[in-house]
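Colleague: predicted coordinates and the sequence they were generated for:
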Amino acid sequence: MESESNEIKPIRSRRGFAAMDRQRQREIAAMGGRSAHASGHAHEFTTEEARAAGKKRHQRTAESTPPSAS
């Protein structure tokens, strides 16, 4: 059991997107989002779609929540 706590984990270097600071990552992601909308590839929810998605989400949450002990 003692040998498990003494394991040496390899150090992984951060490369590419992960190596950038958070602000730069956000800038790049925003450019991608703007590009997708401009080219018509991004999905835009209608009010009805958003309402249905929210309703589904709340149903799943209610189903997974255990009954209260009151």
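Modeller: Perfect, I can see it now.
Colleague: how close does the residue nearest to the spatial centre of the chain sit to Ala36?
Modeller: The chain has Ala29 as the residue nearest its centroid, 12.9 Å off, counting by Cα atoms, centre = their mean. From Ala29 over to Ala36 the distance is 11 Å, taken as Cβ to Cβ, to the nearest Å. Glycine gets a C-beta too; all of them are placed from N, C-alpha and C.
Colleague: with Ile28 instead?
Modeller: Between Ile28 and Ala36 the computed distance is 13 Å (Cβ to Cβ).
Colleague: returning to that earlier point: for the residue nearest to the centre of the chain, helix, strand, or coil?
Modeller: Classification of Ala29 using DSSP: H, G, I helix; E, B strand; the rest coil returns helix.
Colleague: what number of residues lie near Met20?
Modeller: By other Cβ atoms under 10 Å, 13 other residues sit near Met20.
Colleague: burial count for the closest residue to it other than its chain neighbours?
Modeller: In space, and not counting its chain neighbours, Met20 is closest to Ile28: 7.7 Å by Cβ to Cβ, 6 or more residues apart in numbering. Residues near Ile28, counting by other Cβ under 10 Å, number 11.
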